[in-house]
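In: Generate coordinates for the sequence data below:
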Amino acid sequence: MRSEAQVARLLRLVPYLTAHQGVTVTETASVFGTTPRQILKDLEVLQFCGLPGGLYDDLFDVDIEGAREDGHIFFRNADVLARPLRLRPAEAAGLLAALRVVVEVAGESAAARSALDKLEAAVGREGDRLTVALAAGDAGHRAVLRAAVAAGTAVVLRYRTPGRPGVSEAVVEPARLHVVDGYTYLDAWSRVRGAWRSFRLDRVEAVEATTEPAGEHGDPPAGWFEDAPVHLTLLLDPSARWVSEYYPTTAVAERPEGLSVTFPVASTDWATSLLLRLGGRVRAVSDPAIEAAARSRAAAALAHYPEDLLG
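Out: Down below sits the predicted model:
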C-alpha cells in the first residue's frame, strides 16, 4: 500500500465487494474512480488482509484468478471482521490502567466508569494485580479545578515549592488536568506571570474557587513536556534531588559523580532560571548555550551590586 488514497479505497472496497458479489472489475473501477489495473492490485493486497494470525480462515477469500480471466470479482469470508476479538493480557492491562487514570483524574464519567466496570468484570481477578500508582493530589482540589475549567473561572492556588520555605499563592485560570510520568499537573494561565504555568497537584495545599471569569489566552501549548524541542541534562549535587521530583523529567540516573536529570525544555528562559536557582549545586550542563545564557544573566545581575559588597 503506497498511499493514503489506496488505504482509504481498500477500506471502502471490503463492504462494497461483499454486497456486490460478481461485480466486474471495470464497474468497480468506475465506482471508485480508478483504473481496472489498480483494482486488480487492490485485490492482491486484500487477499492478505483479515484478522491477526494469518491462517486461511482468518483472511479474506478473493478469487484473483477469476477476476483476471473473466473480469468478475467474488469476495468472501469478510465475516471474519464480525468475530469478537479477545484482548491479550498486556492489552487488557494497558486499557485498565488508562481507564483508571481517566476516572481518577478527569472525575466520574458515565462512559469511562461503564467501560472500566465491564473490563474489570471480563478480566476478573487478574485485574486485581494491576495497581495504578498516580500522584493525583487531593480529590476535592481536583473537583474544584474541573469545575473552574468547565465554568471558565479563575481560582486561587496555594502550593508548596521544594527548596523554598512556606506556601506560595497565585491566582490562575485553569485550562486542563493531565498526567505526566505518574504525576497529575494543572496547566493554567498565571495572572502574575502573564504566561502559561504548570502546577503539580500533590504540591497544592489549597484551591479556592472564584467567580472571576478567565481571559482569552488560547490553548496551553500541546505536549509542552512530551514534545519539547530541547532536552537539558544536568549533573546535580545530591542536595538538589528535589528538582527531579518537582519538574517533569525524561530521565533520572544515579551516577558516581552525582545525580543526572534530563528535563524537557519548552522555554530557554525557564531553563536559564532553573540553572540560576540551583547555582552551585549544578556540576555539569549538557547545553552550552543555556549555560552561557545563565552565566550572562548572573553577570548582569552582579554588575548592579557595588564592588565593596561583593568583596
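In: list the helices and strands whichever strand or helix holds residue 297 packs on?
Out: Following DSSP states H and E, one finds residue 297 within helix 288-302. The contact analysis (3 or more Cβ pairs under 8 Å, 6 or more residues apart in numbering; DSSP states H and E) places helix 288-302 against helix 268-278. Every residue, glycine included, has its C-beta placed from N, CA and C.
In: Show me what the helix it packs on is packed up against.
Out: Using 3+ Cβ pairs under 8 Å, 6+ apart, helix 268-278 sits against strand 230-236, strand 258-265, helix 288-302.
In: Could you rerun that using 10 Å?
Out: strand 195-200, strand 230-236, helix 242-246, strand 258-265, strand 282-285, helix 288-302 (3 or more Cβ pairs under 10 Å, 6 or more residues apart in numbering; DSSP states H and E).
In: any idea of the mean pLDDT for it?
Out: The average pLDDT for helix 268-278 rounds to 85.
In: try stretch 36-50
Out: Mean predicted lDDT for stretch 36-50 stands at 85.
In: Output it in CSV with nothing but the alpha carbons.
Out: Listed next in CSV are the C-alpha coordinates belonging to stretch 36-50 (Å, rounded to 0.1, in the frame of the first residue of the first chain):
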residue,chain,number,x,y,z
PRO,A,36,-9.2,-1.7,-13.6
ARG,A,37,-5.5,-2.4,-13.3
GLN,A,38,-5.5,-0.6,-9.9
ILE,A,39,-8.5,-2.6,-8.7
LEU,A,40,-6.7,-5.8,-9.5
LYS,A,41,-3.7,-4.5,-7.5
ASP,A,42,-6.0,-3.7,-4.6
LEU,A,43,-7.4,-7.3,-4.7
GLU,A,44,-3.9,-8.6,-4.5
VAL,A,45,-3.5,-6.7,-1.2
LEU,A,46,-6.9,-7.6,0.2
GLN,A,47,-6.2,-11.3,-0.2
PHE,A,48,-3.6,-10.9,2.6
CYS,A,49,-5.9,-8.9,4.9
GLY,A,50,-8.3,-10.0,7.6
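In: hang on, the earlier thing: let me have the helices and strands packed on helix 268-278 in a markdown table, adding mean neighbour count and mean pLDDT as columns.
Out: Shown next, in a markdown table, are the helices and strands packed on helix 268-278 (neighbours: other Cβ atoms under 10 Å; pLDDT from 0 to 100):
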| stretch | mean neighbour count | mean pLDDT |
| --- | --- | --- |
| strand 195-200 | 18 | 83 |
| strand 230-236 | 19 | 89 |
| helix 242-246 | 17 | 79 |
| strand 258-265 | 20 | 88 |
| strand 282-285 | 16 | 94 |
| helix 288-302 | 14 | 86 |
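In: hang on, the earlier thing: just the CA trace of the helix holding residue 297, in PDB.
Out: What follows is helix 288-302 as a C-alpha-only set of coordinates in PDB (Å, rounded to 0.1, in the frame of the first residue of the first chain):
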ATOM      1  CA  PRO A 288      26.400  25.200  26.300                       C
ATOM      2  CA  ALA A 289      24.000  27.800  25.000                       C
ATOM      3  CA  ILE A 290      21.800  27.600  28.100                       C
ATOM      4  CA  GLU A 291      24.800  27.500  30.400                       C
ATOM      5  CA  ALA A 292      26.200  30.600  28.700                       C
ATOM      6  CA  ALA A 293      22.800  32.400  29.000                       C
ATOM      7  CA  ALA A 294      22.700  31.600  32.700                       C
ATOM      8  CA  ARG A 295      26.300  32.900  33.200                       C
ATOM      9  CA  SER A 296      25.500  36.100  31.300                       C
ATOM     10  CA  ARG A 297      22.300  36.800  33.300                       C
ATOM     11  CA  ALA A 298      24.200  36.100  36.600                       C
ATOM     12  CA  ALA A 299      27.000  38.500  35.500                       C
ATOM     13  CA  ALA A 300      24.400  41.200  34.600                       C
ATOM     14  CA  ALA A 301      22.800  40.900  38.000                       C
ATOM     15  CA  LEU A 302      26.100  41.100  39.800                       C
END
